[in-house]
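Colleague: Got a sequence here, can you build the structure:
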Amino acid sequence: MSTIPRVIIAGTHSGCGKTTIASGIMAALTARGMQVQPFKVGPDFIDPSHHTRICGRPSRNLDPFMMGEEGCIETVIRATSGADIAVIEGVMGIYDGIDGTDVASTAHVARILNTPVILVVDVKGMSRSVLALIRGYKDFDSTISFAGVILNRVGSRRHRQMIEGSLSLPSVGWIPKREDIAIESRHLGLRMAFETGLMGEFGKVIEEFCDLDAIIAISQKSPMLIPKKKILPPGKRKPVRATIGVALDDAFCFYYQDNLDRLRTFGADLVFFSPLKDPLPEVHALYFGGGYPELHLPALEISPCTRGLKPAVDEGMPVYGECGGLLYLTREIRSDRKYRLCRAVPAESEMTSQVQALGYVKGEKIGDISFVPPLQSITGHEFHYSRVFPDHDAQFAFRLTRGKGIDSGKDGLSSVNALGTYTHAYFTDSFARIFVDAAYHFSHD
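Modeller: Predicted coordinates for the structure are as follows:
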């Protein structure tokens with residue numbers, strides 16, 4: 001059970017300012033000396049990187065499609081141990097879910113967690129129409145506990161006066177237009193937190209133009225969360241059985257925190273290393289997440305890690321790569337020129353100027369290849385500006401019932417015990433156990 005105060009910062013639509021405002025609230029609360037546990041609705045990697053940097057606690061994703069409803073509750077209870085408050089940033093518009101439904105929307109998560117919502121509204125170019133907009137969002141779904149609004153990009157004192165008289169929800173913030181705080185974007189979204197520290201600077205704006213005490217009071221109205229099963233306390237894990245190397249640097253930086261925690265829970269000691277500059281670590285398995293390898297191809301082509309990976313794969317070491325990690329495992333990638341890569345899976349790859357796949361993924365293991373046994377399911381998300389061209393006799397591990405994968409609904413390109421997918425998978429207990437078991441068996445062969 002958990003009585004953690006919590007609040008969801010939702011938006012009317014993408015681009016209304018909820019990421020900046022949610023991050024600013026986290027920064028302002030942290031500046032007051034509070035332990036803030038951040039969360040992000042949906043499968044995003046980039047916003048959580050800013051949350052983590054601001055709060056000093058790993059941000060967690062909350063996604064009912066990937067985690068299930070009970071999984072969202074369990075993650076919040078487990079992650080908020082020792083925190084004073086939880087701030088949850090929504091995704092897209094509050095009611096935007098899968099395929100035009102409510103599923104996996106911010107509203108869906110608000111219902112699961114029984115958490116009050118503050119709605120961020122971009123009021124640029126509107127006055128009285130803002131009132132109709134807010135009332136429409138508020139009345140659309142009576143199961144959502146709207147507790148307040150933050151009006152963003154207010155043009156002037158006069159602009160505010162034209163809006164505030166008949167608001168159907170209490171305002172907890174009137175934020176003026178600010179052009180001096182903006183995070184540059186690239187093809188997969190905003191820049192990562194390690195590239196810019198600007199997001200946290202908005203905490204001063206929140207302190208000045210929002211009623212932070214009112215936001216805290218709203219969070220304290222959250223009812224108790226009660227899970228359906230007993231949750232292990234944080235840090236509870238099995239004895240170390242194997243060591244898994246996790247690529248973590250400017251090129252490989254997309255990981256769900258829950259995935260790393262699950263590997264530790266089932267007995268993995270995680271060793272973080274940089275494929276850009278480090279040799280392969282002395283480990284029993286390797287995990288290459290997504291990120292931006294395409295921005296670092298000259299360095300990756302000559303790195304000792306790239307040269308050393310193929311011999312490790314030939315020896316049977318379990319290797320798992322996702323999206324950018326998949327590209328890295330191929331023989332070569334075409335960008336401004338051809339770059340020689342790891343040769344760990346039978347394929348070549350290329351960067352493209354347009355998005356090739358974006359959306360949720362679901363599938364099931366087929367065949368008996370790699371370290372993953374048949375019938376193991378996979379759930380996650382894909383988003384990439386690249387293509388992979390497998391050899392004609394290449395073997396695939398997964399057939400997808402949802403998503404594009406590598407080739408016509410097939411994903412999980414495999415060679416020996418190397419496995420590369422376009423899917424950013426959210427690890428189940430079963431998958432984490434299988435990966436750690438494979439590392440253990442390799443260490444004892």
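
Colleague: Quick check: mean pLDDT of stretch 203-218?
Modeller: For stretch 203-218, the mean pLDDT works out to 96.

Colleague: And that stretch, what's buried?
Modeller: Neighbour-count burial for stretch 203-218, counted by 16 or more other C-beta atoms under 10 Å, picks out 203, 205-207, 209-212, 214-218. From N, CA and C alone the C-beta is placed, and that goes for glycine too.

Colleague: residue farthest from the centroid of the protein?
Modeller: Going by C-alpha atoms, centre = their mean, the residue of the chain most distant from its centre is residue 158, 39.5 Å out.

Colleague: mind checking how far that one is from residue 124?
Modeller: 14 Å (C-beta to C-beta, to the nearest Å).

Colleague: how about the helices in the stretch 201-350 of the chain?
Modeller: 212-219, 257-265, 297-302, 304-314, 324-329 (DSSP state H, counting those that start in this stretch).

Colleague: And those: which comes nearest residue 23?
Modeller: Checking the helices of the stretch 201-350 of the chain against residue 23 by C-beta to C-beta gives helix 212-219 as the closest, at 13.7 Å.

Colleague: Mind giving me the packing neighbours of that closest one?
Modeller: Where contact means 3 or more C-beta pairs under 8 Å, 6 or more residues apart in numbering; DSSP states H and E, helix 212-219 is packed against strand 6-11, helix 18-31, strand 85-89, strand 146-154, strand 171-176.

Colleague: where does the stretch 301-445 of the chain dip in pLDDT?
Modeller: The model of the stretch 301-445 of the chain has no residue with pLDDT under 70.

Colleague: Quick one: the strands in the stretch 201-350 of the chain, in order.
Modeller: Shown for the stretch 201-350 of the chain, the strands assigned by DSSP state E, counting those that start in this stretch span residues 242-247, 252-254, 268-273, 285-288, 290-291, 319-322, 332-334, 338-340, 347-351.

Colleague: can you list the domains in this structure?
Modeller: Domains of the chain are assigned by automatic domain parsing as 6-219, 242-444.

Colleague: okay, these in TSV with distance to residue 225 next?
Modeller: Shown next, in TSV, are the domains of the chain (distance: least, C-beta to C-beta, whole Å):
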stretch	distance to residue 225
domain 6-219	6
domain 242-444	17
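
Colleague: Tell me which of the helices of the stretch 201-350 of the chain is the most buried.
Modeller: Mean neighbour count, computed with mean count of other C-beta atoms under 10 Å, is highest for helix 324-329 among these, reaching a mean of 29.

Colleague: Return stretch 339-347 as CSV; C-alpha atoms alone will do.
Modeller: Extracted as CSV, the C-alpha positions of stretch 339-347 are listed here (Å, rounded to 0.1, in the frame of the first residue of the first chain):
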residue,chain,number,x,y,z
TYR,A,339,30.5,2.5,-41.7
ARG,A,340,31.8,-0.9,-40.7
LEU,A,341,30.1,-2.1,-37.5
CYS,A,342,30.0,-5.2,-35.4
ARG,A,343,29.0,-8.0,-37.8
ALA,A,344,27.1,-9.7,-35.0
VAL,A,345,23.8,-10.3,-36.9
PRO,A,346,23.4,-11.1,-40.7
ALA,A,347,22.2,-7.8,-42.0
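
Colleague: Check what pLDDT the closest residue to residue 162 other than its chain neighbours gets.
Modeller: Nearest residue to residue 162, sequence neighbours excluded (C-beta to C-beta, 6 or more residues apart in numbering): residue 127, at 4.0 Å. What the model reports for residue 127 is a pLDDT of 95.

Colleague: what does residue 165 give?
Modeller: 87.

Colleague: how near is it to residue 171?
Modeller: 11 Å.

Colleague: Look at these two and report which has more neighbours.
Modeller: The residue with more neighbours, out of residue 165 and residue 171, is residue 171; 19 against 8, by other C-beta atoms under 10 Å.

Colleague: Give me the spatial nearest neighbour of the more buried one, chain neighbours excluded.
Modeller: Leaving out its chain neighbours, residue 171 is closest to residue 149 (C-beta to C-beta, 6+ apart), at 5.5 Å.

Colleague: With residue 141 instead?
Modeller: Using C-beta to C-beta, 6+ apart and skipping residues adjacent in sequence, the residue nearest residue 141 is residue 107, 6.0 Å away.

Colleague: now the helix or strand harbouring that neighbour, how far from the chain's geometric center?
Modeller: Assigning secondary structure by DSSP states H and E places residue 107 in helix 106-113. On the basis of C-alpha atoms, centre = their mean, to the nearest Å, helix 106-113 sits 17 Å off its chain's mean C-alpha point.

Colleague: next one: stretch 330-342
Modeller: Averaging C-alpha positions (C-alpha atoms, centre = their mean) puts stretch 330-342 27 Å from its chain's average.

Colleague: now stretch 357-374
Modeller: For stretch 357-374, the distance to the chain centre is 20 Å (C-alpha atoms, centre = their mean).

Colleague: What is the burial count for the residue nearest to residue 162?
Modeller: So residue 127, with other C-beta under 10 Å, has 14 neighbours.

Colleague: Could you look up the SS state of it?
Modeller: Here residue 127 is recorded as coil under DSSP: H, G, I helix; E, B strand; the rest coil.

Colleague: That one contacts residue 161, correct?
Modeller: No: under the criterion of C-beta atoms under 8 Å, residue 127 is not in contact with residue 161, lying 9.3 Å apart.

Colleague: As TSV, the helices of the stretch 201-350 of the chain with distance to residue 59 would be great.
Modeller: TSV is the format used below for the helices of the stretch 201-350 of the chain (distance: least, C-beta to C-beta, whole Å):
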stretch	distance to residue 59
helix 212-219	17
helix 257-265	7
helix 297-302	27
helix 304-314	27
helix 324-329	20
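
Colleague: Could you point out which of these sits nearest residue 29?
Modeller: helix 212-219 (7.1 Å).

Colleague: Show residues contacting the closest one.
Modeller: 5-7, 25, 28-29, 32, 85-87, 116, 118, 147-148, 170, 172, 206 (C-beta atoms under 8 Å, 6 or more residues apart in numbering).
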